[in-house]
Structures are given as structure tokens and as C-alpha cells.
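>>> need a structure here:
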Amino acid sequence: WKKEMEADIKRLKRERCFYMLVFEIFCMLLTPFLCVFIFQIPMSYIDVKSAVIIFISMLGTSIFLLMYYREIDKEAIKQEYELAAMIDSGYEHPILKDINDGITPYGDNLTVLELVKKYIAQKTGVRHNTAANYNFVINIIKKEEFGALRIDKVKLSDAKAWLIKLQADGRGYSTIHSVRGVVRPAFQMAVDDDLIRKNPFEFQLCTVVVNDSVTREAITRKQERKFLEFIKNDEHYKRYYDGMFILFKTGLRISEFCGLTLSDIDFEEKQISVNHQLQRTRDMKYVIEDTKTSSGTRIIPMTEEVYECFKRIVENRKKPKKEPVIDGYKGFLFLDKKDMPEVALHWEKHFEWALAKHNRIYKEQLPKITPHVCRHTYCSNMAKSGMNPKTLQYLMGHSDIGVTLNTYTHLGAEDAKEELGKYAKMA
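Prediction:
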């Protein structure tokens, strides 16, 4: 290494002297040309003294430049010497270490935004809700300086600081959770592709930002009865009673409920066939999709009350001039004013406006009730009733028993007291 450095020093000196000599000759030839042809100074005005002064000035400038660049060369050579000495002592430069380990230097010059786009580009055939979430995350990253950082420059502390900034800027916990849910696997892809060594987003989100999201709690049996009684007796909202009752008593996802057709209701066997869901995209396109998970495809038995509700729904079903057909499915149970199937947003608004009317009339206020609260309430009620967790998992369409068991952990002191009371009587 040292011999090579010395050879480089000599080579640089020779090159620098050669370039300066060429520069001097060029300046000597250029001076009279500039004086006569450019500045149009007569040759008689240029005496020997002036020419010598011009030449000496240019020579001085050349010497200054030679010395200046020589110092730069010395510094560069010095750094190379130091690097060589470190290598001789066993030190391995990070870039050389990356190359030796098969890691692409500088993260292939990818920015965070470019990495996320590359990751998302490989997610083909996703549901429209997932695609919309990807676009949402990309739009957030585009607005952030963090998105322009080179991926190999992002450290653990940088990743944490960025998520903290997002919350400080007013982003909710659920939004930050969605962002990290895309960025973390994107960086993991970079690790797997040998672009970086570590994933800077491998940490627990709850240890970095405050979870300020509102948990959708199940309502009590008393609150459920009170709300359904109000709906049943209200002149306007009673038209939605059967649908709301079914949501409370079957635990159906709202997209599954909206996707139900006449052929999915088996009145003879008193069961509901759940094998698809209805969605509406942001551009108002109606689509039929598979159930959320493979476990979502199931047969749900009807209680007598649910059976009666479905009978009334079918009997009172709106008869459109032209039956809407969505991806080959027709006979949807609920249609809107335009004779199109009602979707999740319709029912969310039905609940919202009905609840607002109830709380305007009565002093005893009811908590927020949504289609998902109905599902959570059903799951909670079945758990309190002592239903086998595996049976409840099937009815709810949960792919992971842990999600179902989590409902049991939400039971409170009153539930524990009631359960102990049962065992005390048995003893």
C-alpha cells in the first residue's frame, strides 16, 4: 500500500507540473491575441514592460494554483495513507465491509419514498381497501422530508423521531400504525435484498408514540335493548329495525351483511350462507370480494328472532325496475334510492342519525353505536354466556383464535362476579 501511495504522489506531481506548463504556454499565446483582436489594442501600445508584467502576473497565478492543488493532493494522499494504515491494522472501512459482505453500497441510492413505492409495486391483486391504504401512506411520505432520505442513512432513532413527529403534527395513532405497517416491511425487503444491514423500524410502536385511539367497546345488554326498542318504535327509523337487530344478533361484518342476497338466506334450514362481501370504492364502483379471511366463509344458523327479521326483510324488499347486478351477484336485500345495493356507509349513517335522535330526546345518553360495535357486542355477549371459544371463533369468522379470546379478556369485574356466583350455587 505504501509503495502504491508513493507512486501516486510522484505521478500526481508530474501531472500537475505538465498541466501548469501547458497552461503557461497557452496563456503566453493567448495574451497578444486578447490584446489585439478582442480588446483591439494596437501593437504599438504594448511595450516589453507591459508584456513582462502580464506574464509575471499569470505566472504568479499559476504558481499559486499549483501550490493550492498540491496541498489538496497532499491531504487526499494523507487520507489514503491513514486508510491504508487502518486496513493494515485490521480496520475495515464501512463501504469495503459492505462490499465484502455482499451489501449494496449506499442502499443502491434509494430514498425512503422510492423504497416504499418499490415494495407496493410488488403487491399485486390486493383488495381495493388495501390499495387505497397504500396510496394514503405514499401521499403522507411524499409530504415528509423523511421520504427523501437515503435508506442507508435511516437509523433506529431517525425512524422513531419521524413517527413522533407525525403524531406531533396531528396524525392519529391508527394513521401512524398504518404508515408503519407499510414502511416496516418495505425496509425488511431492503434488508432481504442486501441493500441495508438492519431494519430501523423493528420496534414496538406503543413504546414510541401514545396510543390515543378510542377503543370500540361493546355496549351492555341493557343499552342494546334500549336502542333497539327506540328504533322499533320510531316512525322513521323503524324501517331499519330488522337489519340492526340482525347485526346485533349474528355478529356479521357490515360488508358481509350488505353483500347478502336472496340466495344466501336458507329459510328451510334457517341458516345464512356467508361467502362474499360487498364493497364500494372511492370512485363509487361496486365490487364483490371474498370474505376478509378464509375463515370468514361460513354458515351461520338463525335464531327464531333472526329468522323472522329476514322474512320481513324479504317480504318488504324494494322491487326495482331493473335488478342491480354486481360481479354476477343479484337480489341484494337492501337497495338505496337509486336502486343500488346499500353499502357500509349507508348503515353507518343509519346508526349515527338514529343514535343522535335518541340522545336528543332522552337524558340517559347512549354511547357510540356502529355496525362494528354491534359485531363486538355480539361477540362479547356470547363470551359472557359461556359459549365455547372455538364455536365463537367460527361464528365470528376469525382466522386467529387469539382475536376471539381477546374478547374474553375484556370482561369486567361484574362479569367475573356473576360467573363466580354460578359456580358458588353449583357448589
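>>> Please tell me how far residue 272 sits from residue 366.
27 Å (Cβ to Cβ, to the nearest Å). Using the backbone N, CA and C atoms, a C-beta is placed for each residue, glycine as well.
>>> The two: who's more crowded?
A direct count of neighbours by other Cβ atoms under 10 Å for residue 272 and residue 366 places residue 272 higher, at 22 against 16.
>>> quick one, strands of the stretch 151-300 of the chain?
Along the stretch 151-300 of the chain, counting by DSSP state E, counting those that start in this stretch, strands occupy 265-266, 271-274, 277-280, 286-289, 298-301.
>>> Mean pLDDT added to those, as a markdown table?
What follows is the strands of the stretch 151-300 of the chain, written out as a markdown table (pLDDT from 0 to 100):
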| stretch | mean pLDDT |
| --- | --- |
| strand 265-266 | 96 |
| strand 271-274 | 96 |
| strand 277-280 | 93 |
| strand 286-289 | 92 |
| strand 298-301 | 95 |
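>>> so which of the ones you listed comes closest to residue 173?
Taking Cβ to Cβ, strand 277-280 is the member of these nearest to residue 173, at 24.8 Å.
>>> Tell me the strands beside the closest one, with direction?
Applying DSSP bridges to the sheet, strand 277-280 is found paired with strand 286-289 (antiparallel).
>>> Tell me which residues are up against the strand it pairs with.
The contact list for strand 286-289 (Cβ atoms under 8 Å, 6 or more residues apart in numbering) reads 127-128, 255, 259, 276-281, 324, 326-329, 340-341, 343.
>>> May I have it as CSV, with CA atoms only?
Output of strand 286-289 as CSV, limited to C-alpha atoms (Å, rounded to 0.1, in the frame of the first residue of the first chain):
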residue,chain,number,x,y,z
TYR,A,286,-69.4,-1.5,-6.5
VAL,A,287,-67.3,-4.7,-6.2
ILE,A,288,-67.8,-8.2,-4.8
GLU,A,289,-64.9,-9.6,-2.9
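>>> Got a ChimeraX select line for the buried ones in the contacts of strand 286-289?
Buried members of those, defined by 16 or more other Cβ atoms under 10 Å, are picked up in ChimeraX with:
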select :255,259,276,277,278,279,280,324,326,329,340,341,343
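>>> Could you verify my assumption that residue 405 touches residue 390?
No. Contact criterion Cβ atoms under 8 Å: residue 405 and residue 390 do not qualify, at 10.2 Å.
>>> Those two: which is more packed in?
Legend: neighbour count by other Cβ under 10 Å for residue 405 and residue 390, higher for residue 405 (14 against 10).
>>> quick one: that one is in a helix?
Yes. Residue 405: assigned to a helix according to DSSP: H, G, I helix; E, B strand; the rest coil.
>>> In contact with it: list those residues for me.
Contacts of residue 405 by Cβ under 8 Å, 6+ apart are residue 389.
>>> Could you report the pLDDT at residue 66?
The per-residue pLDDT reported for residue 66 equals 58.
>>> Same check on the one 4 residues further on?
The confidence metric pLDDT takes the value 55 at residue 70.
>>> ok, residues contacting stretch 347-361?
227, 230-231, 234, 237, 240, 243-244, 247, 254, 257-258, 365-366, 368-371.
>>> So among those, which ones count as buried?
Buried subset of the contacts of stretch 347-361 (neighbour count, 16+ other Cβ under 10 Å): 227, 230-231, 234, 237, 240, 243-244, 247, 254, 257-258, 366, 369-371.
>>> got any ranges where the stretch 101-250 of the chain has weak pLDDT?
Applying pLDDT under 70 to the stretch 101-250 of the chain picks out residues 101, 213-216.
>>> just to revisit the earlier point, which of the contacts of stretch 347-361 fall in helices?
227, 230-231, 243-244, 247, 254, 257-258, 371 (DSSP state H).
>>> List just the nearest of these to residue 266.
Using Cβ to Cβ, these come closest to residue 266 at residue 257, 16.1 Å.
>>> From residue 375, how far off is that closest one?
For residue 257 relative to residue 375 (Cβ to Cβ), the value is 9 Å.
>>> Same question for residue 329.
According to Cβ to Cβ, residue 329 and residue 375 sit 22 Å apart.
>>> follow-up on the earlier one: out of the ones in helices among the contacts of stretch 347-361, the closest to residue 317 would be?
Residue 317 lies nearest to residue 243 out of those, by Cβ to Cβ, at 11.6 Å.
>>> Double-check that closest one against residue 317; I have them as touching.
No. Using Cβ under 8 Å, residue 243 is not in contact with residue 317, being 11.6 Å away.
>>> just to revisit the earlier point, now do the shared contacts for residue 257 and residue 375.
residue 247.
>>> Once you drop chain neighbours, what's closest to residue 106?
Distance criterion Cβ to Cβ, 6 or more residues apart in numbering; nearest residue to residue 106, sequence neighbours excluded, is residue 152 at 5.7 Å.
>>> next one: residue 326
Take residue 326 and drop its neighbours on the chain: the residue closest to it by Cβ to Cβ, 6+ apart is residue 286, 4.7 Å away.
>>> neighbours of that neighbour, just the number please.
Neighbours of residue 286 (other Cβ under 10 Å): 18.
>>> Bridged to it, which residues?
residue 280.
>>> Would you mind measuring from it to residue 374?
Separation of residue 286 from residue 374 (Cβ to Cβ): 23 Å.
>>> Same check on residue 192?
Residue 192 sits 42 Å away from residue 374, going by Cβ to Cβ.
>>> With residue 353 instead?
16 Å.
>>> okay, the two: which has more neighbours?
The neighbour comparison of residue 353 against residue 374 (other Cβ under 10 Å) goes to residue 374, with 27 against 13.
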